[in-house]
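Participant: Sequence and computational prediction follow.
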Amino acid sequence: MSKRNKIIYWIATIWLSLGMSATGIVQLMRTKEETDRMVHLGYPLYFLTIIGIWKILGVIAVLLPKFPLLKEWTYAGFFFVMSGAIISHLAIDDHAKELFGPALLLVLTVVSWYFRPADRKQIQLTNK
């Protein structure tokens, strides 16, 4: 892996981890803003606990060395949660500013996944 790709991976992964940790903690705390947002989107409040716990566990999985299959599932979960958030905001005609956070985390998820080192991948592809 080139030095450039390693730098891109770690910058994206650190920002992704910070974003998922912060939003996961806020969701577990059930702040007024988060509960209002969840009600506005039409979801039950227990989703905050489920999503918050999975985000925290996902951050741990992404940062731990090894466990490539777990990482694949984690990236998929992050992708589904963030794309689901974007679609939810679009479905109720929210303002574009509501899309920024989930869109940023979605991009960071894809960049981190794409640039991850070979030892963090489930399947090793080789050129023949």
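Facilitator: Sure, I can see it.
Participant: and G52, how far is that from A12?
Facilitator: 22 Å (C-beta to C-beta, to the nearest Å). C-beta: built from backbone N, CA, C; applies to glycine.
Participant: Mind telling me which residue is nearest the centre of the chain?
Facilitator: In the chain, the residue lying closest to the centroid (C-alpha atoms, centre = their mean) is F78, at 3.6 Å.
Participant: mind checking pLDDT for that one?
Facilitator: Per-residue confidence (pLDDT) for F78: 98.
Participant: Can you give me the pLDDT of D119?
Facilitator: Here the pLDDT value assigned to D119 is 77.
Participant: for this protein, what's the longest helix?
Facilitator: helix 3-29 (DSSP state H).
Participant: the inter-axis angle of whichever helix or strand comes after that one versus helix 3-29?
Facilitator: Proceeding N to C from helix 3-29, the next assigned helix or strand is helix 32-41, under DSSP states H and E. Here the directions of helix 32-41 and helix 3-29 differ by 90 degrees (axes from the mean of the first three to the mean of the last three C-alpha atoms, to 10 degrees).
Participant: I would like the residues contacting the following helix or strand past helix 32-41, please.
Facilitator: Per DSSP H and E, the first helix or strand lying C-terminal to helix 32-41 is helix 46-63. Residues external to helix 46-63 that are found in contact with it (C-beta atoms under 8 Å, 6 or more residues apart in numbering): 13, 16-17, 20-21, 23-28, 30, 34-35, 38, 67, 70-71, 73-75, 77-78, 81, 112.
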